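Enquirer: here is a sequence with its predicted model. Questions after.
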Amino acid sequence: MESVLSLILGGGRGTRLYPLTKLRSKPAVPIAGKYRLIDIPISNCINSGLQRIYVLTQFLSVSLHRHIANTYKFDPFSQGFVEVLAAQQTNEAADWYQGTADAVRQNMRYIMEDYTREVLVLSGDQLYRMDFRQLIQTHRQNQADVTIAVLPVSAEQASSFGIMRVDHGGRVVGFKEKPQTEQALAPLHMTDEWMEQRGIHSRGRPYLASMGIYLFKRDVLIDLLKGMGQAADFGKEIFPGSIGTHHVQAHLFDGYWEDLGRSSPTTRPISPWPATIRLSISTAPRE
């Protein structure tokens, strides 16, 4: 897994979590006592064997920087790291991050200078437990250019997500960001039979929603960000424009997942967290 570089996006102002975000960014919000939201994606990475991690920050990030610096310390002889990439003015860009794709684009030199084979892009304000090795396996077995983690949602929940239509082999053939009407949702409907064949009980959840977890081939990510130089967001612009030109694969997930910054949370039964991955986070002081 040393060939995978992880990028965790720190998020914006976090207005939906206010006043918890009055003095700190969303990923720095305390959870379960001594931990922070950022510990969730970082722990998922570390426990999946991914130990080279950049955290991209922008808004009220001092608390987050301090927590990461005090918590994650690797053996000096290893190649592991958790480093903060704060938004900054450069010769190429002088603006704040305009979206998920723009945040990665403004830090592209760290990707280009790295020996990585794939780049995993994550959100810093989600609560879930995932073994990313399974996602990487799906990506490599299908020789995909991009793999998106998806989970089943109901029609009521679909309007808050990027919704995908996939073929029998799991390749994405349609993508709509936050469809608001029945007409927009109709072409994206997946059958119960398709779900059952993959071990998923639909239970009234016939749509596949993007979880904001993306795995790219390194060179494909660079080409997409350069080729769509004005595209600011992966879901709204990059993916709809790349489905016809690249192999975009879906990785099906049906465990517990929650986007804590989302205005309309999912209302699915909480699945037990698997025992195969365990959180191993060092104790760190809280501000």
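Expert: Done, it's in. Numbers count the residues shown, from 1 in each chain.
Enquirer: when you work out contacts or count neighbours from here on, use the C-alpha atoms and nothing else.
Expert: Noted.
Enquirer: my read: Ile243 touches Gly174, true?
Expert: Yes: judged on CA atoms under 8 Å, Ile243 makes contact with Gly174 at a distance of 7.3 Å.
Enquirer: show me the strands in the stretch 151-287 of the chain, by range?
Expert: 162-166, 172-177, 207-217, 248-252, 257-259 (DSSP state E, counting those that start in this stretch).
Enquirer: those: lowest mean pLDDT?
Expert: Averaged per stretch, pLDDT over those is lowest on strand 257-259, reaching a mean of 90.
Enquirer: that strand: partners in the sheet, and parallel or antiparallel?
Expert: As defined by DSSP bridges, the strand partners of strand 257-259 come to strand 126-128 (antiparallel).
Enquirer: how far off centre is the partner strand?
Expert: Centroid displacement of strand 126-128 relative to its chain, using CA atoms, centre = their mean, to the nearest Å, is 10 Å.
Enquirer: helix or strand right after it?
Expert: helix 132-141 (DSSP states H and E).
Enquirer: between that following helix and strand 207-217, how big is the angle?
Expert: Orientation check (axes from the mean of the first three to the mean of the last three CA atoms, to 10 degrees): helix 132-141 against strand 207-217 gives 80 degrees.
Enquirer: how far off strand 248-252 does helix 132-141 point, in degrees?
Expert: Angle of helix 132-141 versus strand 248-252, following the same axes, to 10 degrees, is 140 degrees.
Enquirer: quick check: mean pLDDT of helix 132-141?
Expert: For helix 132-141, mean pLDDT rounds to 98.
Enquirer: contact partners of it?
Expert: Asn44, Cys45, Ser48, Gly49, Asp145, Val146, Thr147, Ala149, Leu215, Gln249, His251 (CA atoms under 8 Å, 6 or more residues apart in numbering).
Enquirer: restricting to C-alpha, output that helix in CSV.
Expert: Coordinates of each C-alpha in helix 132-141 appear next as CSV, following Å, rounded to 0.1, in the frame of the first residue of the first chain:
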residue,chain,number,x,y,z
PHE,A,132,-9.6,0.9,1.9
ARG,A,133,-7.8,-2.2,0.8
GLN,A,134,-11.1,-3.5,-0.6
LEU,A,135,-11.6,-0.3,-2.5
ILE,A,136,-8.1,-0.5,-3.9
GLN,A,137,-8.7,-4.2,-4.9
THR,A,138,-11.9,-3.2,-6.8
HIS,A,139,-10.0,-0.4,-8.5
ARG,A,140,-7.0,-2.6,-9.6
GLN,A,141,-9.0,-5.7,-10.6
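Enquirer: for that helix, list every residue counted as buried.
Expert: Buried residues in helix 132-141, counted by 16 or more other CA atoms under 10 Å: Phe132, Leu135, Ile136, Thr138, His139.
Enquirer: turn those into JSON lines, including distance to Ala32.
Expert: Output for these, formatted as JSON lines (distance: CA to CA, whole Å):
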{"residue": "Phe132", "distance to Ala32": "23"}
{"residue": "Leu135", "distance to Ala32": "27"}
{"residue": "Ile136", "distance to Ala32": "29"}
{"residue": "Thr138", "distance to Ala32": "32"}
{"residue": "His139", "distance to Ala32": "33"}
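Enquirer: return the member of these nearest to Thr191.
Expert: Thr138 (21.3 Å; CA to CA).
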